[in-house]
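In: here you go, sequence then predicted model.
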Amino acid sequence: MLEVGMKAPDFSLKANDGKAYSLKDFQGKKLVLYFYPKDDTPGCTKEACAFTESIEDFEKKDSVVVGVSVDDLESHEKFIKKYSLKTLLLSDPEKKTVQDYGVWKEKSMYGKSYYGIERTTFVIDGKGMITKIYSKVNPDGHSNTVLAEL
């Protein structure tokens with residue numbers, strides 16, 4: 001279980017731009033690493049669009065916003081094009097990073113259990129330390145909350 005003050009787990013994941021990224025690629029900046037369940041679904045779209053709308057405000061606070069899901073790169077690309085998203089989206093099809101961050105959880109819907117990402121955002125400082133964790137995120141207003149607390 002990750003907590004504020006702990007070193008963030010490293011990762012190496014491909015992004016929609018075709019490059020692989022790891023935690024060290026964001027050194028010196030605040031990283032807003034948000035985990036979301038699925039591309040192009042209502043809550044995830046609302047969250048991604050809200051981060052995109054305020055991306056310049058995040059940049060002014062020396063921050064980078066990066067989304068992570070288990071969707072493949074092709075799905076990310078369609079999602080980005082459909083909504084003109086301006087954040088990097090990382091793909092974790094092996095589910096290693098979502099497990100390392102503790103966001104791959106058992107969920108239930110209509111009485112059926114399944115595993116998926118619990119919507120969670122981590123703020124990581126320029127030295128790789130976790131400074132804030134938002135669990136069970138409600139996408140409504142979430143980007144504004146994160147921005148106000150940076």
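Out: Yep, that arrived.
In: going by C-alpha atoms from here, please, whenever you check contacts or count neighbours.
Out: OK.
In: where does Leu89 fall, helix, sheet strand or coil?
Out: Here Leu89 is recorded as strand under DSSP: H, G, I helix; E, B strand; the rest coil.
In: count of neighbours near it?
Out: Neighbourhood size, Leu89 [other Cα atoms under 10 Å]: 29.
In: now it: closest residue in space that isn't a chain neighbour?
Out: Closest residue in space to Leu89, ignoring its immediate chain neighbours: Gly67 at 4.7 Å, by Cα to Cα, 6 or more residues apart in numbering.
In: next up, phi/psi of the one you found, please.
Out: For Gly67, the backbone dihedrals (degrees, to the nearest 10) come out as phi -100, psi 150.
In: might one say that it is in contact with Leu33?
Out: Yes. Here Gly67 reaches Leu33: they are 5.9 Å apart, a contact under Cα atoms under 8 Å.
In: what about the strands in this protein?
Out: Under the criterion DSSP state E, strands of the chain are mapped to 12-15, 20-22, 30-35, 63-69, 88-91, 104-109, 112-117, 120-124, 130-134.
In: possible to save these as CSV with distance to Glu3 and mean pLDDT?
Out: Shown next, in CSV, are these (distance: least, Cα to Cα, whole Å; pLDDT from 0 to 100):
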stretch, distance to Glu3, mean pLDDT
strand 12-15, 21, 97
strand 20-22, 20, 97
strand 30-35, 14, 98
strand 63-69, 19, 97
strand 88-91, 22, 96
strand 104-109, 16, 86
strand 112-117, 18, 90
strand 120-124, 10, 98
strand 130-134, 7, 97
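In: is it possible to get TSV of these that adds distance to Phe51?
Out: Formatted as TSV, the strands of the chain follow (distance: least, Cα to Cα, whole Å):
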stretch	distance to Phe51
strand 12-15	17
strand 20-22	19
strand 30-35	10
strand 63-69	7
strand 88-91	11
strand 104-109	22
strand 112-117	18
strand 120-124	12
strand 130-134	15
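In: on that earlier part again, for the residue nearest to Leu89, list the residues it contacts.
Out: The neighbours of Gly67, taking Cα atoms under 8 Å, 6 or more residues apart in numbering as the test, are Leu33, Tyr34, Phe35, Tyr36, Ala48, Thr87, Leu88, Leu89, Leu90.
In: and with 10 Å instead?
Out: Shown in contact with Gly67 (Cα atoms under 10 Å, 6 or more residues apart in numbering): 15, 32-36, 44, 47-48, 51, 76, 87-91, 121.
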